[in-house]
Every structure is written in C-alpha cells, then in structure tokens.
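**Student:** Please work out how this folds:
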Amino acid sequence: MAKDVVPEEARRRRPTRRGTVLSERLIVETALRMVREHGSAGLSARRLGAALGADPSTLYRYFEGMDGLTLAIGEELIGRALAGWTPTGRWREDLRALGLRIHGAYLAHPQAALLTASRVTGRPREIAADEAILGILRGAGFGDEDAVRIYHAYIDQSLAFAALDAGPLALTAAARESDEERWESTYARLPADTYPNIAATAGLLAARMPHSAYPVALEMLLETAERQLADSGT
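**Tutor:** From the prediction side, this is the model:
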C-alpha cells in the first residue's frame, strides 16, 4: 500500500546524513538536475535519495510516488515561466510574452520538458497560469466558448512546441548537428528536375529549419484570434 503524503507543516525538519534539511523544493530542484544530467531514465527514488543523502523512502512523505514527483517537476517549470511575468492589459502582447516564457522555461530543461509537457499537474502554479490566460482572453472581449477554444489551442501549441524543440536539445551534440546539416548535405543537393520546389527554396530551408517555428506559429494564432475579435465587433 502506498504511503500517505505528509502535509508540509507536519513533516519533521531533521537534516539528512549530509546535514541538509529536506523540502519539496529541494527535492524538485535536485530531480531537475538529475534529469538534465542523466535523462528521465536516470531518475529513481534510490538515485535521488543518494543525491540528497536521504533514505529513498523519505521521498514518499513529500510526493505520491515518482509520478507525483514528475508532476511537481512540471509544476516547477510552469512556475519559472510565470516568475516575473506581469500582464500589461494589452492582451496580444501579454499572451505573446507568456507563451514565449513557457516555451523558454521548458527548453531550459529539455529532458524534463519531454517528461512533463504532456502532463496535467493540477497544482497551484499551473492553475494560476490557466486562470491568467483565460482572464486575458475574457478581458479582451472573447466570449467564453471562444476564450476556451483559443486557450486550448494556445496552451497546447506552447507545450507541443516545447516538447518538439526539446527533442533535439536532448540529443548528443553530434546527433543534433548531423540532423541540422542534412538540410545542406541532402536537401540542398536534390535535383531540381525531380524536386523543383525543394530545389527552389533549399537556401531558405537550410537557414530556417534548424530554428524553432514556435514564434511564427504563435503569431499566426494570435493574428487569427485578433481578426476573429475584430469581426465579432467586440
């Protein structure tokens, strides 16, 4: 039977064997470092306990198993995106800024992004982000149905691109460079008589494809939303 998570205020503040006092934040930050260095396969209660100088079973006083820790890691990334962000009242600028911050926070930890981008944590900072996005849209004049539809596209786009763009960053440098070079070593050399469209745009493809398309996709989404708002007469 799984052990119950002990509320923060009820946890004993005894230091670990290394003299460190455990906290949920310390455990999450250590887990983030381990995932960054060893990938998600390298994260386990045993290894995390060793890194903290604590018995692995202690972790279950803070989280509902390793999956609970995974959700806390996702919550931490969302929290980092929100830190320092303040709405200006200009809805399009606010959504652009927040989207780029979410994307950037996940890419700062690509292995963790792959592990958590598809998860729903239900934790306070995730809820705060959702509330803020919906508030921006409703405050701009979108009806509730449109606000939810745009919110859905907006947050899924942010997280999907975060996971997509994290993939290459999680590769070895050699593998990543090999992928990027194929736009010049393969695509740029395709014969024009067989592949006229690729041949005509090969230089542009080589210059653009190694970079994230998220900023462009985000602008397209916001432009469509703004046009819809104007058409509605709001």
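**Student:** What about residue 208, how many residues nearby?
**Tutor:** Residue 208: 12 surrounding residues under other CB atoms under 10 Å. (Each C-beta comes from the backbone N, C-alpha and C, glycine too.)
**Student:** distance of it from residue 64?
**Tutor:** If you measure residue 208 against residue 64 using CB to CB, to the nearest Å, the figure is 43 Å.
**Student:** buried set for stretch 145-165?
**Tutor:** 146-147, 150-151, 154-155, 157-159, 161-163, 165 (16 or more other CB atoms under 10 Å).
**Student:** Please list the outside residues in contact with that stretch.
**Tutor:** 95, 99, 102-103, 106-107, 110, 113-114, 117-118, 129-130, 133-134, 137-138, 142, 212-214, 217-218, 221, 225, 228 (CB atoms under 8 Å, 6 or more residues apart in numbering).
**Student:** In the protein, where is pLDDT below threshold?
**Tutor:** For the chain, applying pLDDT under 70 flags the ranges 1-19, 234.
**Student:** The residue sitting furthest away from the middle of the chain: which element?
**Tutor:** Ranked by distance from the centre of the chain (CA atoms, centre = their mean), the top residue is residue 193, with 42.0 Å. Here residue 193, judged by DSSP states H and E, is contained in no helix and no strand.
**Student:** Tell me how far it lies from residue 184.
**Tutor:** Residue 193 is 20 Å from residue 184, by CB to CB.
**Student:** now swap in residue 149 and tell me
**Tutor:** Counting by CB to CB - residue 149 and residue 184 are separated by 40 Å.
**Student:** Determine the next helix or strand in the C-terminal direction from the top helix by length along the chain.
**Tutor:** Among the segments of the chain that qualify as a helix by DSSP state H, the longest is helix 144-170. Using DSSP H and E, the next helix or strand after helix 144-170 towards the C-terminus is helix 173-185.
**Student:** I'd say residue 51 and residue 34 touch.
**Tutor:** Yes: with contact defined as CB atoms under 8 Å, residue 51 counts as touching residue 34 (6.3 Å).
**Student:** Which one of these two is surrounded by more residues?
**Tutor:** residue 34 (19 against 15).
**Student:** Could you give the backbone dihedrals for the more buried one?
**Tutor:** With angles defined as degrees, to the nearest 10, residue 34 sits at phi -70, psi -40.
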